[in-house]
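> just the structure for this:
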Amino acid sequence: MGTVTTAATKKPSSASSKAAPAKSSSPAKRQQDACSLLDADHKAVKAMFKEYETLTESRSRSTAKKRELADQICKELTVHATIEEEIFYPAARKAIKDNALMNEATVEHASAKELIAQIKAMDANDEMFDAKVTVLGEYIDHHVKEERTEMFVKVRQTKLDLVKLGEQLQLRKEALMAEQDTGIVPVLEASTAL
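Down below sits the predicted model:
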């Protein structure tokens, strides 16, 4: 809740004159713009990767905890990739008209999805398990940096309604998380792309 409050507090300061009434009538969670919502996901997953790193450095045998955390990371990334590919990337591609940047992001998603599939299929005791989770974290760090410094900057310079897009992303994310929790949504395949 603290993260949402902070993000919601930052947004009104930049657009308080034109959006203040709407913000008081809707939940703060729904008022994040698309880039802020996606970046909040990035930060949450980064924290999970740091926690995973701490577990790998621990002398205690924490295989069950590592498996649980790796599964949570994979779930969060799968849902995040889905909402980006279904909603954000098509809108961004149309708005910024930078096919090279968008194509690179799509390829990065494919690489991450391949590693996610491998991690989900592995036993946590496999000697390569930690390495695959670590490399996934490195891929994600690289991908996030490009989204923050290139894609989000360009998207924010367009006339795209990022608050409305953020609402769409949040609704789809909630639905996907609920489906993931019930086991209905299959893990994305590496070949899935725009």
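> when you work out contacts or count neighbours from here on, use the C-alpha atoms and nothing else.
Fine.
> center of the chain, which residue is that?
Residue closest to the average C-alpha location in the chain (C-alpha atoms, centre = their mean): His80, at 3.8 Å.
> which helix or strand lies directly C-terminal to the strand or helix carrying that one?
Applying DSSP states H and E as the criterion places His80 in helix 63-83. As assigned by DSSP H and E, the chain's next helix or strand after helix 63-83 is helix 89-96.
> and the helices in this protein?
Ranges of helices in the chain, per DSSP state H, are 2-25, 34-57, 63-83, 89-96, 99-121, 129-146, 152-156, 162-182.
> adding mean pLDDT, write those out as JSON lines.
Listed next are these as JSON lines, based on pLDDT from 0 to 100:
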{"stretch": "helix 2-25", "mean pLDDT": "36"}
{"stretch": "helix 34-57", "mean pLDDT": "95"}
{"stretch": "helix 63-83", "mean pLDDT": "95"}
{"stretch": "helix 89-96", "mean pLDDT": "96"}
{"stretch": "helix 99-121", "mean pLDDT": "96"}
{"stretch": "helix 129-146", "mean pLDDT": "96"}
{"stretch": "helix 152-156", "mean pLDDT": "97"}
{"stretch": "helix 162-182", "mean pLDDT": "93"}
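> re earlier: ok and the helix holding His80 relative to helix 129-146, angle-wise?
30 degrees (axes from the mean of the first three to the mean of the last three C-alpha atoms, to 10 degrees).
> helix 63-83 to helix 89-96, inter-axis angle?
Using the same axes, to 10 degrees: helix 63-83 against helix 89-96 is 50 degrees.
> and helix 63-83, C-alpha only, in CSV?
Taking Å, rounded to 0.1, in the frame of the first residue of the first chain, the C-alpha atoms of helix 63-83 are listed here in CSV:
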residue,chain,number,x,y,z
THR,A,63,15.7,-25.3,-1.6
ALA,A,64,12.0,-25.2,-0.8
LYS,A,65,12.1,-21.4,-0.2
LYS,A,66,14.1,-20.9,-3.4
ARG,A,67,11.6,-23.0,-5.4
GLU,A,68,8.7,-21.1,-4.0
LEU,A,69,10.3,-17.7,-4.7
ALA,A,70,11.4,-18.8,-8.2
ASP,A,71,7.8,-19.8,-8.9
GLN,A,72,6.5,-16.5,-7.7
ILE,A,73,9.1,-14.6,-9.8
CYS,A,74,8.0,-16.7,-12.9
LYS,A,75,4.3,-16.0,-12.2
GLU,A,76,4.9,-12.3,-11.8
LEU,A,77,7.0,-12.1,-15.0
THR,A,78,4.5,-14.2,-17.0
VAL,A,79,1.6,-12.0,-16.1
HIS,A,80,3.7,-8.8,-16.6
ALA,A,81,4.9,-10.0,-20.0
THR,A,82,1.3,-10.8,-21.0
ILE,A,83,-0.1,-7.4,-20.1
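> the inter-axis angle of that helix versus helix 162-182?
Counting by the same axes, to 10 degrees, helix 63-83 lies at 140 degrees to helix 162-182.
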